[in-house]
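Student: task: produce atomic coordinates for the following.
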Amino acid sequence: MLALRLTRAARLAVQLRRLLVASASAGTGFLLLCALGHALTHPDAPGASSLRLAWCAAPLAATVYLAVAVARADPGTRPRPGLSAVGLGPGRLMAVSATTTALSAALGSVAALLGFLYLRGDLTGAPVDGAVSGVLALGQRLPAPAVVTLLALVPAAASAAVALTLRPRDPRPAPSAGSRRYGRFGAYGWGAARETFGAYGRYGARLASASASASAPASASASAPASASASASASAQPAGGRAAGAAQADPSGALLTQASDTLPPATTDGDGSARDATGPVPGTPRSHTTLLPWGIAVLTAGLAVETYAGDTATRDAAPSAGVLLGWALATLGLALAGPGLTHLCGRLLQAVRPGALRLLAGRVLMEESHRVGRPLGVVCAVASAAYAAAALHDADATDFGPLSVIGAVVVAGCTVATLLTAAVEAKHARTDTTDALLRLGAPPTTLRAAAALRAGALLAVFGPLTLVVAQLASLPLAR
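Tutor: Residues are numbered from 1 along each chain as shown. Sure thing, here's the model as predicted:
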């Protein structure tokens, strides 16, 4: 019920993104039903039907990827302070996001079933004649368990992926072995205020209570001005400074202050747990170039598999499962290498004495490489596959069927929509930075010029990469 209320009360942009998820789910469900219809119509060709079902994995993966991006960009299901008190913690919000995604995908599956039944003539009584009539299983009864299983595949996969992506995580950084701090001897657990090793036994670290109690009756009047001046000087010193460690004494010689340095107070996270001020901050920018070699290796393996599959296939046969496997590996490699390439784009923009514009554009690219890098890599893979398919069509003069067009539209639309959703999410994430720059006097034209410079840098890197991958992928298929 809560998921339905949040779905109804969402903004127009959120509703449009969920409508995109429903449309992609409808296209994928229709392709799955067509694969079932082909298997029923051609029972003597199980290999071709299995190949059709295997090629449905591409639009299925694209639909799930879009559903995850839409769920991450949904502002209504983000954790906020105070929601845990009313039972809407991170786990409950994750369940709401998964339920909302399942509802959107289920709506698309129902639309796919209605469209498939309409083309079969089960709703109107007159089946549609055309190129798709061979995969509609005309005159045959559809098995209900198979239909339900295929239509439930997209909502189940999308909701499971959203739940796995948005699962609650510990916001505190993992303690490292080299940053452990030791407390005083006999202390239980980790205190809020850390002490350095040996601070407890340092000379003058504690009050000389015996000496102070013995001389207190005799020097009560004499120590009053001294203690007042000592407290005044202590209040004038900055907190946590080196001057606070100086030992102060009364006229009897008893130490009144601690000789060890005063540590800064421990900061507190949003969940109330204490965190050391000297520890690593969770929001610290980190490099995303570690997966770049792995991405290049997986991309090379995918191109090799596709080349081998293209050499072993016949000229008039449809693309085999090896081509699908090679294209999947190439897509995975580009998705892994995308954040690293985006990070390197940001570094290249800041090279050779950068100005304010290049510095701003490069820092933003480095900060947003983990958000837009992977969608950019996937779009690069889809564009290279489309270029290779167009080159193969021009070389062989083959005609793509309507089901191939539907699959290509679903995959391309989902990847482009995912990239745009990630760009919108990145823009909302840097809203505070943009407002701060505007308050400091930065003109809006500078921000727009930085955005154009970022887009140009990404196009200059990913454009030639797309052409190179497309040429390498189309060479074995064109022979």
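
Student: make it CA atoms for all contacts and neighbour counts henceforth
Tutor: Will do.

Student: return the set of buried residues in the helix or strand that contains Leu325.
Tutor: Assigned by DSSP states H and E, Leu325 belongs to helix 321-349. Across helix 321-349, burial judged by 16 or more other C-alpha atoms under 10 Å covers 321-347, 349.

Student: same question for stretch 57-69.
Tutor: Judged by neighbour count (16+ other C-alpha under 10 Å), stretch 57-69 contains these buried residues: Ala58, Pro59, Leu60, Ala61, Ala62, Thr63, Val64, Tyr65, Leu66, Ala67, Val68, Ala69.

Student: just want the angle from the longest helix belonging to the chain to helix 321-349.
Tutor: When the chain is parsed with DSSP state H, its longest helix is helix 444-478. If you take axes from the mean of the first three to the mean of the last three C-alpha atoms, to 10 degrees, helix 444-478 sits at 150 degrees to helix 321-349.

Student: what's the average pLDDT for helix 444-478?
Tutor: Averaging pLDDT along helix 444-478 gives 87.

Student: what of stretch 352-366?
Tutor: Averaging pLDDT along stretch 352-366 gives 89.

Student: please shift the residue numbers so they start at 31 in all later answers.
Tutor: Right, with 31 as the first residue, what we last looked at is stretch 382-396.

Student: show me what it is in contact with.
Tutor: 317, 372-380, 476, 479-481, 483-484 (C-alpha atoms under 8 Å, 6 or more residues apart in numbering).

Student: and those, which two are furthest apart?
Tutor: With C-alpha to C-alpha as the measure, no two of the contacts of stretch 382-396 lie farther apart than Ser317 and Thr476, at 26.0 Å.

Student: which parts of the longest helix of the chain are buried?
Tutor: Buried positions in helix 474-508, judged by neighbour count with 16+ other C-alpha under 10 Å: 477, 480-481, 483-484, 487-488, 492, 495-497, 499-508.

Student: identify, from the contacts of stretch 382-396, the entry nearest to Arg82.
Tutor: Taking C-alpha to C-alpha as the measure, Arg82 sits nearest to Thr372 out of the contacts of stretch 382-396, at 35.2 Å.

Student: just give the closest residue to the closest one, not the sequence neighbours.
Tutor: Ser399 (5.3 Å; C-alpha to C-alpha, 6 or more residues apart in numbering).

Student: state the distance from that neighbour to Gln170.
Tutor: Per C-alpha to C-alpha, to the nearest Å, Ser399 is found 52 Å from Gln170.

Student: same check on Ala452?
Tutor: 44 Å.

Student: when these two are compared, which one has more neighbours?
Tutor: Taking neighbours as other C-alpha atoms under 10 Å, Ala452 and Gln170 compare with Ala452 leading, 25 against 11.

Student: just checking, that one touches Pro405?
Tutor: Yes. Using C-alpha atoms under 8 Å, Ala452 makes contact with Pro405 at a distance of 7.5 Å.

Student: in stretch 386-397, which residues are buried?
Tutor: Under 16+ other C-alpha under 10 Å, the buried positions of stretch 386-397 are Leu387, Arg388, Leu389, Leu390, Ala391, Gly392, Arg393, Val394, Leu395, Met396, Glu397.

Student: name the element the fifth one belongs to?
Tutor: If you go by DSSP H and E, Ala391 is part of helix 386-397.

Student: now do the longest helix of the chain: which elements does it pack against?
Tutor: helix 322-342, helix 351-379, helix 386-397, helix 399-426 (3 or more C-alpha pairs under 8 Å, 6 or more residues apart in numbering; DSSP states H and E).

Student: how about those, which one is nearest Arg460?
Tutor: Arg460 lies closest to helix 386-397 among the helices and strands packed on helix 474-508, at 8.8 Å (C-alpha to C-alpha).

Student: just the CA atoms of that closest one, as PDB, please.
Tutor: Below are the C-alpha coordinates for helix 386-397, written out as PDB (Å, rounded to 0.1, in the frame of the first residue of the first chain):
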ATOM      1  CA  ALA A 386      39.500  27.800 -14.000                       C
ATOM      2  CA  LEU A 387      37.200  26.400 -16.700                       C
ATOM      3  CA  ARG A 388      39.300  23.300 -17.400                       C
ATOM      4  CA  LEU A 389      39.900  22.800 -13.700                       C
ATOM      5  CA  LEU A 390      36.200  22.900 -12.900                       C
ATOM      6  CA  ALA A 391      35.300  20.600 -15.800                       C
ATOM      7  CA  GLY A 392      38.000  18.100 -15.000                       C
ATOM      8  CA  ARG A 393      37.200  17.900 -11.300                       C
ATOM      9  CA  VAL A 394      33.600  17.300 -12.000                       C
ATOM     10  CA  LEU A 395      34.400  14.500 -14.400                       C
ATOM     11  CA  MET A 396      36.700  12.900 -11.900                       C
ATOM     12  CA  GLU A 397      34.000  13.100  -9.200                       C
END
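
Student: now the buried residues of stretch 87-99 in CSV, with pLDDT, distance to Val140 and secondary structure?
Tutor: Below are these laid out as CSV (pLDDT from 0 to 100; distance: C-alpha to C-alpha, whole Å; DSSP: H, G, I helix; E, B strand; the rest coil):
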residue, pLDDT, distance to Val140, secondary structure
Ala88, 91, 20, helix
Pro89, 93, 17, helix
Leu90, 94, 16, helix
Ala91, 94, 19, helix
Ala92, 94, 19, helix
Thr93, 95, 16, helix
Val94, 95, 17, helix
Tyr95, 94, 20, helix
Leu96, 94, 19, helix
Ala97, 94, 17, helix
Val98, 93, 20, helix
Ala99, 92, 22, helix
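
Student: what about stretch 149-157, how long is it end to end?
Tutor: One end of stretch 149-157 sits 6 Å from the other (C-alpha to C-alpha).

Student: tell me the secondary structure at Leu168.
Tutor: At Leu168 the chain is in coil, as set by DSSP: H, G, I helix; E, B strand; the rest coil.

Student: list the residues that contact it.
Tutor: Neighbouring residues of Leu168 by C-alpha under 8 Å, 6+ apart: Thr71, Arg150, Pro157.
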